[in-house]
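Peer 1: turn this into a structure:
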Amino acid sequence: MRTVAEEVADRLTTAIAIGEFLPGSRLPAERDMAVMLGVSRGAVREALGRLDALGIVEIRRGRAGGAFVRDSWTQGTAEAVRRTLLPRWSELEELLDLCGLMEGTVARAAAERRTDADLVALREALDAFREAASEAEEQSADTAFHTALRQAAGNPRLAALCLELGGHAAIGFPHYPWGVADEESTARAVREHEAILRAVEAGDAERAGTVAREHFSITVDIIRDALQRGLDS
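Peer 2: Coordinates of the predicted model:
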């Protein structure tokens, strides 16, 4: 039997491997991660110590301190990814399918209900994505776009449900996996954001839902690729 801290360490390692937290980024505070994962702060603290020893994160002390990601994939990552993803893969596939359906529902509702202010927020997030100079800026702009889309759907409960399901599918953290960014994947994300925005602007609910659901397949592919890398290592 593995301890809670060991399981948390595996989940954190996997979350970093799929790009929920990018190299150089600061992890959430211990108390926040404890709430996200439903464990004690002591378990989180011990897990972070393990990741620090493995070189996955760096623990910095002081007022501006915390746990910072050093590397997305290290020697022990493959085993942690296998332990985290393999036992729940069937459940995870069902969750990811449900998340895709929910993303489509959100986009359809946004096309039917968006306000002028919603369109401004979506355009600003898209512009920020186009102009991003780093992976962190791209990830932030992507989050802003999808946040604005959920806002445009006009139903806070729908938005909360979408976030909750995404957190369950993404190892317990409310972030989209980012994977390994490259020019092709970034260009695809921009194209699909543009297509979603055009559909929402036009009030084309069917088109918005179709593109948004297809767009979510990026997340599915990132998680599947991470598991395959773990199996191949």
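Peer 1: which SSE is immediately downstream of the helix or strand of the chain with the lowest mean pLDDT?
Peer 2: The weakest-scoring helix or strand in the chain, judged by mean pLDDT, DSSP states H and E, is helix 156-169 (a mean of 87). Once helix 156-169 ends, the next helix or strand along the chain (criterion: DSSP states H and E) is helix 183-202.
Peer 1: that older thread, buried ones in the least confident helix or strand of the chain?
Peer 2: For helix 156-169, a neighbour-count test (16 or more other CB atoms under 10 Å) marks 159, 162, 165-167, 169 as buried. Any C-beta I mention is one placed from the backbone N, CA and C, and that applies to glycine too.
Peer 1: nearest to residue 59, of the residues you listed?
Peer 2: residue 167 (24.6 Å; CB to CB).
Peer 1: would you map the helices across this structure?
Peer 2: Using DSSP state H, the helices of the chain run over 4-17, 30-37, 41-54, 77-85, 89-113, 116-131, 135-152, 156-169, 183-202, 205-215, 217-232.
Peer 1: going by mean pLDDT, which of the ones you listed comes out lowest?
Peer 2: Taking each of those in turn, the one with the lowest mean pLDDT is helix 156-169, at a mean of 87.
Peer 1: which neighbouring elements make contact with it?
Peer 2: helix 89-113, helix 135-152 (3 or more CB pairs under 8 Å, 6 or more residues apart in numbering; DSSP states H and E).
Peer 1: tell me which of these lies nearest to residue 37.
Peer 2: Here helix 89-113 is closest among these (CB to CB), at 16.2 Å.
Peer 1: show me the contact partners of the closest one.
Peer 2: 85, 118, 149-150, 152-155, 158-159, 161-162, 165-166, 168-169, 196, 199-200, 202-213, 215-217, 219-220, 223, 227 (CB atoms under 8 Å, 6 or more residues apart in numbering).
Peer 1: I'd like to know how far residue 222 sits from residue 82.
Peer 2: 16 Å (CB to CB, to the nearest Å).
Peer 1: how about residue 94?
Peer 2: 20 Å.
Peer 1: now do residue 2
Peer 2: 13 Å.
Peer 1: out of these two, which sits in the more crowded spot?
Peer 2: residue 82 (17 against 10; other CB atoms under 10 Å).
Peer 1: help me confirm that that one comes into contact with residue 228.
Peer 2: No - in this structure, residue 82 is not within contact of residue 228 by CB atoms under 8 Å, at 10.5 Å.
Peer 1: pLDDT score for the most centrally placed residue in the chain?
Peer 2: Note on the chain: the residue nearest the mean C-alpha position is residue 176, at 1.4 Å, using CA atoms, centre = their mean. Reported pLDDT at residue 176 in the predicted model: 75.
Peer 1: now it, nearest residue through space, not along the chain?
Peer 2: residue 219 (6.0 Å; CB to CB, 6 or more residues apart in numbering).
Peer 1: can you give me how far the least confident helix or strand of the chain is from the chain middle?
Peer 2: Taking CA atoms, centre = their mean, to the nearest Å, one finds the center of helix 156-169 at 12 Å from the center of the full chain.
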